[in-house]
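# whatever this is, show me its structure:
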Amino acid sequence: HVAGARTWGAFKAVAVLSTLGAVALTFLWAERRLGAVWAAGVALLLGVSSAVVYYSHWILSDPTFVVLTLLALWALEGSDEDGAGRGWLVLGVAAAGLAYFTRSAGLPLVVALAVWLGLRRRWRALAATAVALGVPMLLWSLRARGAGQGEYGSEFWMVDPYDPAKGRVGLVGLVGRVGENLVGYVGTHVPGGVLGADRPLLGALGVALCLAAAVGWARALRRRPGPAELFLPLYTGLILVWPAVWSGDRFALPLYPLLFLYAALAVRDLLSPRGRALAGGVGAAAFLVVVLPALRTWTGSVQEASACGS
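Residues are numbered from 1 along each chain as shown. Presented below is the predicted three-dimensional model:
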């Protein structure tokens with residue numbers, strides 16, 4: 001029992017440390033684009049988001065996956081700066097590989113890495129990355145099939161993996177699934193993962209956040225597409241085509257840092273020409289609209305946990 005408790009505690013510590021690392025990396029990554037003040041706001045929004053706090057206390061792979069994804073995006077972006085050494089790229093590729101082996105949902109990150117290297121015409125780096133990641137990914141896939149673990153992909157094509165009698169999904173059904181997931185994520189899962197479930201005006205917040213993030217993402221993409229600009233639509237597309245019964249705020253966790261950053265980028269860039277004070281004021285107001293309800297959810301959870309402990 002003692003050994004089991006220690007193991008349980010160690011895994012929980014990893015989840016908590018991964019979450020703290022994700023917040024720190026969000027600040028470092030956002031600081032390059034927004035400056036320290038705006039980056040601090042983005043990192044704080046991530047740190048108090050309901051889903052981020054909730055999953056930091058569970059023994060799941062998600063916090064580790066998120067911190068590895070952010071480490072990869074931060075390092076790869078750093079390798080694109082003038083005078084950056086090869087160490088940044090090596091770190092980014094290694095983090096992307098570890099993210100994939102932590103969760104298969106890391107495949108969009110690996111694809112984004114490969115496409116980005118191709119767009120930069122870094123052919124040698126692309127070839128080295130293909131070997132460094134492609135070979136172990138292939139061996140991992142063969143091992144999974146040999147162990148009889150290849151059913152996950154087949155479940156994707158079921159209308160409901162928990163009710164196989166409903167049959168398999170076709171092209172029309174796949175389009176309908178995307179629509180259902182889009183409504184669910186924008187209207188419920190994403191805003192609920194920030195403010196907490198059953199908050200008023202969740203749908204309005206979700207629409208506002210996603211629209212602002214889309215504007216910021218489009219502006220960043222137009223300037224110079226980086227790994228993050230490629231990863232966002234790839235990962236979003238992945239979770240939109242998954243069976244709707246699998247959907248939830250857990251799978252939106254890697255999107256929160258990107259949504260917050262791009263939304264902040266849109267507010268700053270669109271309003272700064274009319275005055276830095278106006279941009280800062282609107283940014284601060286938007287920050288409070290999000291963070292105050294999230295903090296109320298957080299304190300409510302702490303009170304419930306204290307009541308259970310007593």
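
# report how many residues lie close to Pro233.
When neighbours are defined as other C-beta atoms under 10 Å, Pro233 has 14 of them. To be clear about C-beta, it is placed using only N, CA and C from the backbone, and glycine gets the same treatment.

# doesn't it fall inside a helix?
Yes - assigned with DSSP: H, G, I helix; E, B strand; the rest coil, Pro233 falls within a helix.

# distance of it relative to Arg274?
30 Å (C-beta to C-beta, to the nearest Å).

# which residues does Pro161 contact?
By C-beta atoms under 8 Å, 6 or more residues apart in numbering, Pro161 lies in contact with 155, 243, 245-246.

# taking these together, which two end up most distant?
Glu155 and Val245 (10.4 Å; C-beta to C-beta).

# correct me if wrong: Ala96 contacts Val111.
No - here Ala96 lies out of contact with Val111, judged by C-beta atoms under 8 Å, at a distance of 9.8 Å.

# can you tell me the closest non-neighbouring residue to Trp116?
Leaving out its chain neighbours, the residue that sits closest to Trp116 by C-beta to C-beta, 6 or more residues apart in numbering is Pro227, at 4.9 Å.

# what's the local residue count around that neighbour?
Pro227 has 23 nearby residues by other C-beta under 10 Å.

# swap in the one 5 residues further on?
Each residue near Leu232 was counted by other C-beta under 10 Å, and the total is 24.

# do the same with Leu171
Leu171 has 7 nearby residues by other C-beta under 10 Å.

# just Asp163 next, same as before
With other C-beta under 10 Å as criterion, Asp163 counts 10.

# now do Ser247
20.

# that one against Leu182, yeah?
No - under the criterion of C-beta under 8 Å, Ser247 makes no contact with Leu182, lying 10.0 Å away.

# least confident secondary structure element in this structure?
helix 151-156 (a mean of 64; mean pLDDT, DSSP states H and E).

# next SSE after it?
Next helix or strand after helix 151-156 toward the C-terminus (DSSP states H and E): helix 171-184.

# show me what that following helix is packed up against.
If you count contacts as 3 or more C-beta pairs under 8 Å, 6 or more residues apart in numbering; DSSP states H and E, helix 171-184 packs onto helix 227-241.
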